[in-house]
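>>> model this:
(one chain, ligands or ions: 1)
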Amino acid sequence: GARYPGAVPAPGPGPGALSPPPRGGRGSKGPPARKLLCMCSLSLCLTYLCYSLMGGTGPGALRSPAGLRGSPAPGALRGSPAPGALRSPAALRGSPATPAPPTRASNASSPAVSAAGWLRTALAPGEVIAAQSGAFERDPQESSTTDEELSRAGSTTPDYGEKRLPQALIIGVKKGGTRALLEAIRAHPDVRAVGTEPHFFDRNYEKGLEWYRNVMPKTLDGQITMEKTPSYFVTNEAPKRIHSMAKDTKLIVVVRNPVTRAISDYTQTLSKKPEIPTFEILAFKNRTLGLIDASWSAIRIGIYALHLENWLQYFPLSQILFVSGERLIIDPAGEMAKVQDFLGLKRIVTEKHFYFNKTKGFPCLKKPEDSSAPRCLGKSKGRTHPQIDPDVIHRLRKFYKPFNVMFYQMTGQDFQWEQEESEK
Ligand SMILES: Nc1ncnc2c1ncn2[C@@H]1O[C@H](COP(=O)(O)OS(=O)(=O)O)[C@@H](OP(=O)(O)O)[C@H]1O
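Numbering: from 1, shown residues only. Here you go, the predicted structure:
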């Protein structure tokens, strides 16, 4: 019989250790599995209920999905989300059927945990991490792609083929490792991708599909056109809009431990606005009560189950590939094999394409024969994170745990973010 998450998180061979639910969104489960899923959903509901009663956020939060729907502007959203409001994973696994207007309620706060912290190797003074592709260095930090950059991106492509709308998109998550993945995919001869983030389905939608097509590089028949804009994953309108462009669009989401992701997100903001309050201050609504501020975008983005629910109303699970941000660093070729299979590409980008750059502390693409420049990502990738109070990390881990479990259930993949915790 199939094993189902929630039940599992046993130390396994790696993400994906769980039996995936039937791809394509349809499938039957035996009674024990259903029971476990129900229990899990129920416990999420109870967690939220207790949390809101204790914290005084009140059940009103349950009735205000709008609070979580808006764009994730820091501090713009108030009100705790309710994990119990998510549909049960069983329901989520069903085929998206006819796209229905999303009717999800909000999500939640429950206290939490994690000792994130990747060991960072600072760049040695004077070391040049050169970018073979301009996009490597030009990666927008807060997705600050300008129209000018976009038109440049579109016009630097060779003058053959046609500009086409993308057949595949990297839709998230911010700070998950989306740039590293896109650059690795770009090493494939059958893929052409925009170097900048077009932000079509969130900020530029009113410009129309012709504008979007024009941003794309030219491709020959058989080549795949791609782009990455990590904010799509948390944009409520994005699933519907992408579905209306092409319902067979392939979607890729790079996910990373939400606690580490939040710290990475904060580190990025801090690099541009050194005057912002500490992570510890921003993370709480009320530190004494241990109330996490789930309306802070750095926290909210990491409630993956909540956002995924939105996508599953338009796309079957089989059309979404979840890439582990952690494994993308440890085993980029392994993750790339899955990506190439998913995109229907020959496995051309393999371990031969990567080497581990000790100074950078990350894998980099080997230099192509016609260039002397190694292809590591720029300095905005792999920043040193500030030290965060271990108690805050612990609370955040606890906060995310039920959502992570739900996410593992929905995707049928155990990303083992809880295991990292027990190893510390
Ligand atoms: N090969 C390689 N080189 C450098 N960095 C790598 C790589 N693979 C994954 N990562 C991780 O990617 C994190 C940045 O994620 P994104 O590219 O999605 O960020 S962004 O949303 O586009 O700003 C970045 O996060 P930080 O380490 O917090 O800076 C990296 O941990």
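
>>> going by C-alpha atoms from here, please, whenever you check contacts or count neighbours.
Will do.

>>> what is the burial count for Arg203?
The tally of other residues near Arg203 (other C-alpha atoms under 10 Å) stands at 12.

>>> from the ligand, how far off is it?
In this view, Arg203 and the ligand are 16 Å apart by C-alpha to the nearest ligand atom, to the nearest Å.

>>> tell me the secondary structure for that residue?
Reducing the assignment at Arg203 to three states with DSSP: H, G, I helix; E, B strand; the rest coil gives coil.

>>> and the pLDDT at it?
The model reports Arg203 with a pLDDT of 98.

>>> next: Ile320.
If you check Ile320, the pLDDT there is 98.

>>> that one against Asp248, yeah?
No - using C-alpha atoms under 8 Å, Ile320 and Asp248 do not qualify as a contacting pair, with a distance of 10.4 Å.

>>> so the two - more neighbours on which side?
It is Ile320, of Ile320 and Asp248, that has more neighbours when counted by other C-alpha under 10 Å, with 24 against 14.

>>> which residues does that one contact?
For Ile320, the contacting residues are 250-253, by C-alpha atoms under 8 Å, 6 or more residues apart in numbering.

>>> so where is the stretch 51-200 of the chain shaky, pLDDT-wise?
When the per-residue scores of the stretch 51-200 of the chain are filtered using pLDDT under 70, the ranges that remain are 51-159.

>>> at 90 what do you get?
In the predicted model, the stretch 51-200 of the chain carries pLDDT under 90 at residues 51-160.

>>> on that earlier part again, among the contacts of Ile320, which one sits closest to Gln416?
Val253 (16.5 Å; C-alpha to C-alpha).

>>> what pairs with whichever strand or helix holds that closest one, parallel or antiparallel?
Element membership for Val253, per DSSP states H and E: strand 250-255. According to DSSP bridges, strand 250-255 has the following sheet partners: strand 168-172 (parallel), strand 320-324 (parallel).

>>> that strand: what's the following helix or strand?
For strand 250-255, the succeeding helix or strand toward the C-terminus, using DSSP H and E, is helix 258-272.

>>> what does this structure put close to the ligand?
Contact residues of the chain with respect to the ligand, defined by C-alpha under 6 Å from any ligand atom, are listed as 141, 174-180, 230, 264, 328-329, 362-364, 377, 381-383.

>>> show me the residues you listed that map onto helices.
In helices, judged by DSSP state H, the following of the residues of the chain next to the ligand are found: 178-180, 264, 328-329.

>>> those: which two are farthest apart?
Checking those against each other with C-alpha to C-alpha, the farthest-apart pair comes out as Ser264 and Leu328, at 16.0 Å.

>>> give me the phi and psi angles of the nearest residue to Met226 once chain neighbours are set aside.
Taking C-alpha to C-alpha, 6 or more residues apart in numbering as the measure, Met226 lies nearest to Ala193, with 4.5 Å between them; neighbours along the chain are not counted. The phi and psi torsions at Ala193 (degrees, to the nearest 10) take the values phi -140, psi 150.

>>> now do Ala193 against Phe322, distance only.
From Ala193 across to Phe322, the span is 19 Å (C-alpha to C-alpha, to the nearest Å).

>>> same thing with Gln387?
When distance is defined by C-alpha to C-alpha, Gln387 is 29 Å away from Phe322.

>>> one more: Leu306?
Using C-alpha to C-alpha, one obtains 15 Å as the distance from Leu306 to Phe322.

>>> between those two, which is the more surrounded one?
Neighbour count, other C-alpha under 10 Å: between Leu306 and Phe322, Leu306 has more, with 27 against 20.

>>> any idea of the angle the helix or strand harbouring the more buried one forms with strand 320-324?
Leu306 belongs to helix 304-312 when assigned by DSSP H and E. Orientation check (axes from the mean of the first three to the mean of the last three C-alpha atoms, to 10 degrees): helix 304-312 against strand 320-324 gives 160 degrees.

>>> just the CA coordinates of helix 304-312, formatted as PDB?
As requested, C-alpha coordinates have been extracted for helix 304-312 and formatted as PDB (Å, rounded to 0.1, in the frame of the first residue of the first chain):
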ATOM      1  CA  TYR A 304       4.000  26.700   0.900                       C
ATOM      2  CA  ALA A 305       0.900  24.600   1.500                       C
ATOM      3  CA  LEU A 306      -1.300  27.700   1.500                       C
ATOM      4  CA  HIS A 307       0.100  29.000  -1.800                       C
ATOM      5  CA  LEU A 308       0.100  25.600  -3.400                       C
ATOM      6  CA  GLU A 309      -3.600  25.200  -2.800                       C
ATOM      7  CA  ASN A 310      -4.200  28.100  -5.000                       C
ATOM      8  CA  TRP A 311      -2.300  26.500  -7.900                       C
ATOM      9  CA  LEU A 312      -4.000  23.200  -7.500                       C
END
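
>>> helices and strands around it, which ones?
Helix 304-312 makes packing contacts with helix 390-411 when contacts are defined by 3 or more C-alpha pairs under 8 Å, 6 or more residues apart in numbering; DSSP states H and E.

>>> mean confidence (pLDDT) on the helix it packs on, please.
Across helix 390-411, the average pLDDT comes to 97.

>>> same check on stretch 217-234?
Taken as a whole, stretch 217-234 carries a mean pLDDT of 97.

>>> and the end-to-end length of that stretch?
End-to-end distance for stretch 217-234: 26 Å, by C-alpha to C-alpha.

>>> ok, now stretch 228-245?
From its first residue to its last, stretch 228-245 covers 16 Å (C-alpha to C-alpha).

>>> can you name the residue of the stretch 251-400 of the chain nearest to the ligand?
Each residue of the stretch 251-400 of the chain has a distance to the ligand, by C-alpha to the nearest ligand atom, and the smallest belongs to Gly382, at 3.2 Å.
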